[in-house]
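Visitor: My questions are about this predicted structure, shown below with the sequence.
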Amino acid sequence: MATVGNADPQAETAWARIRKDATRLRPAPNLSDYDGFRRAFRWDQAKAELDGLPGGGLNIAYEAVDRHVAHGRGDRLAVRWLGKAGERKEFTYADLARLSDRFAALLARLGVGKGDVVFALTGRIPELYVAALGTLKNGCIFSPLFSAFGPEPIKTRMEMGAAKVLVTTEALYRRKVAAWRGQLASLQHVLIVDGTAPAGTVALGPALTESAFSIVPTKAEDKALLHFTSGTTGRPKGALHVHGAVIVHQMTGKYVLDLHPEDIFWCTADPGWVTGTSYGIIAPLTRGVTMIVDEAEFDADRWYRILQDEKVTVWYTAPTAIRMLMKAGGELPKRYDLARLRFAASVGEPLNPEAVVWGAETLGLPFHDNWWQTETGGIMIANYAAMDVKPGSMGRPLPGVEAEILERKQGGGVEPVKGAMQVGELALKAGWPAMFRGYLNDPERYAKCFSGEWYLTGDLAMRDDEGYYWFVGRADDVIKSAGHLIGPFEVESALMEHPAVAEAAVIGKPDPTVGEVVKAFVALKPGHAPDEALRKELLGHARKRLGAAVAPKEIEFSAGLPRTRSGKIMRRLLKARELGLPEGDTSTLESDAR
């Protein structure tokens, strides 16, 4: 296999200097001896940190709220909700336990039972969190939907999931569901959380009358969550997860996000995606922390104000948001006191090295990147609080998770790739508790994800001689040019080091001589003109950083880059346009797995 990319020595040197100068006080990391803990770790140890249901079994909602009440921590603040119009509401763990009991009792009264699917189509509002926990208490399967979806994606997912209940707002129901509701025979109940309930729906508030509820006995292997992947093309895949996934949620909350009971935690992910459920609801609640939930959309000034005013200590956000903060400039955060912030992490896409260094220089601490997929159910590889961050790296595997770099053999099967920093497919040995248990109604597709005991992620990566993993790209994103394998992420990161570049996306453009040439699409920061002089400057900058074989041959300036609804750059759409396919026709291109 060819060698692709390396750690960025300039970024590592900058971070080493910043780390040396840091004087920030913080609690001791939860994972201080990675190698020792990893050698001794067993999954039953992690499960033992949870209570389990009093009568036996395991239930996500019980571990998230009710066990805290049982241990006398019910008066601890669980959620502080910030409305987009300035409203504020607070909920203790006892409040969440009581309200979710009422929702679960309502489902039972409606005849909705174990294994039925409850969909939620809302923004970040308190009712969403109550519905998620109540659904799990009743033994049902919870499936969140992204509120910015149009009617067709919503309908498709609810048809696939045989939705029995939908929790939504009056406005979203009227705009996106009412017109086709009669076509979905499985949908028996629509619960409206606000406004006036339209005909054929039920107003949620008045229906929440019963407060006493005994959690339906669930076992670790009972289905609990249904998450649809956000592929850019093709029919979505519904990944099924079980109640046992809470073992990984609690563990990663403790060791990856380094959550301590006194922490104030803010996850900015939309609840319609897997991160918004796993780390916007479950993991922080199992750790007993206080969660900040902001209803509003991204605004740089508002975000800095929240970090300051709410005294956020741990922050989990996405590369897209970090790049938007970078674009807003380094002067804005100086207006705010961010001294309480002690740990920041990123997920969703690979985090460019310059974003890690920017965080350290501007905010006083780096962003710790980590890697996982909808299918893995929880974080699998991470930069931990006690470790030095290698800017651009995904980090090292979670204790209990065995990762490998594999090469698919002709005729079937896989074998390990030999040597450090060699490209292969990232694979995980099956068996961690949060591993998805299937694709909804598609067992053949599920089976193709595995080769023997290995789950094949579809991501190309490398491993260095210290055991850190480095993302190269999706297997079908990697560019093959004159015998070289070129990862888009590597080229994009180099371009983003230039002070004029806000964002970059790189594709392979077909070429009759070398197979593909590297083409970059670049969005500029304010104050920079997309002229020929800058184009030549960027080409020269990339050649100096990457070498002529890897650097882009073409650069096209763009006001913005196309994204999936979850914020990931759609390189395939850029490539489709380059190939002259009709707008929206990407049927000849493979879809994203994440």
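Guide: Perfect, I can see it now.

Visitor: V167 against T201, yeah?
Guide: No - applying C-beta atoms under 8 Å as the test, V167 and T201 come out as separate, 10.5 Å apart. C-beta coordinates here come from the backbone N, C-alpha and C atoms, glycine included.

Visitor: Which of those two has more residues huddled nearby?
Guide: V167 (26 against 19; other C-beta atoms under 10 Å).

Visitor: residue contacts, that one?
Guide: Under the criterion of C-beta atoms under 8 Å, 6 or more residues apart in numbering, the neighbours of V167 are 118-122, 127-128, 131, 191, 193, 204.

Visitor: quick check, it in a helix?
Guide: No - V167 is assigned strand when assessed by DSSP: H, G, I helix; E, B strand; the rest coil, not a helix.

Visitor: if I look at it, how far off is L128?
Guide: Taking C-beta to C-beta, to the nearest Å as the criterion, V167 is separated from L128 by 7 Å.

Visitor: intersection of neighbour lists for the two?
Guide: Common neighbours of V167 and L128, counting by C-beta under 8 Å, 6+ apart, are 120, 122.

Visitor: Show me which positions of stretch 55-75 end up buried.
Guide: Buried residues in stretch 55-75, defined by neighbour count with 16 or more other C-beta atoms under 10 Å: 57-69, 73-74.

Visitor: scratch that, stretch 524-543 is what I was asking about
Guide: Across stretch 524-543, burial judged by 16+ other C-beta under 10 Å covers 524, 534, 538-539, 541-543.

Visitor: Go through the residues you listed and flag which are in helices.
Guide: 534, 538-539, 541-543 (DSSP state H).

Visitor: Tell me where the longest helix sits in this protein.
Guide: helix 93-109.

Visitor: now for the helix or strand that it is followed by, which elements pack on it?
Guide: Using DSSP states H and E, the helix or strand that directly follows helix 93-109 along the chain is strand 117-121. Contact analysis of strand 117-121 by 3 or more C-beta pairs under 8 Å, 6 or more residues apart in numbering; DSSP states H and E lists helix 126-137, strand 141-145, helix 151-160, strand 165-168, helix 170-176 as its packing neighbours.

Visitor: Quick one: mean pLDDT for strand 117-121?
Guide: Across strand 117-121, pLDDT averages out at 98.

Visitor: Over to stretch 466-481?
Guide: Stretch 466-481 comes out at a mean pLDDT of 82.

Visitor: follow-up on the earlier one: packing partners for the longest helix of the chain?
Guide: Counting contacts by 3+ C-beta pairs under 8 Å, 6+ apart, helix 93-109 is packed against helix 67-70, strand 77-82, helix 126-137.

Visitor: Using CSV, write out every CA atom in the first one.
Guide: Looking back up the chat, that one is helix 67-70. The C-alpha trace of helix 67-70 is given here as CSV (Å, rounded to 0.1, in the frame of the first residue of the first chain):
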residue,chain,number,x,y,z
ARG,A,67,-30.8,5.9,39.2
HIS,A,68,-29.6,9.4,40.1
VAL,A,69,-32.9,10.0,42.0
ALA,A,70,-32.5,6.6,43.6
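
Visitor: what does it contact?
Guide: 50-51, 74, 76, 78, 93-94, 97, 288.

Visitor: let's see it at 6 Å
Guide: Defining contact as C-beta atoms under 6 Å, 6 or more residues apart in numbering, one finds that helix 67-70 is touched by 51, 93-94, 97, 288.

Visitor: same question, the second one
Guide: Here strand 77-82 makes contact (C-beta under 6 Å, 6+ apart) with 89-93, 96, 126, 290-294.

Visitor: Fine by me, we can end here.
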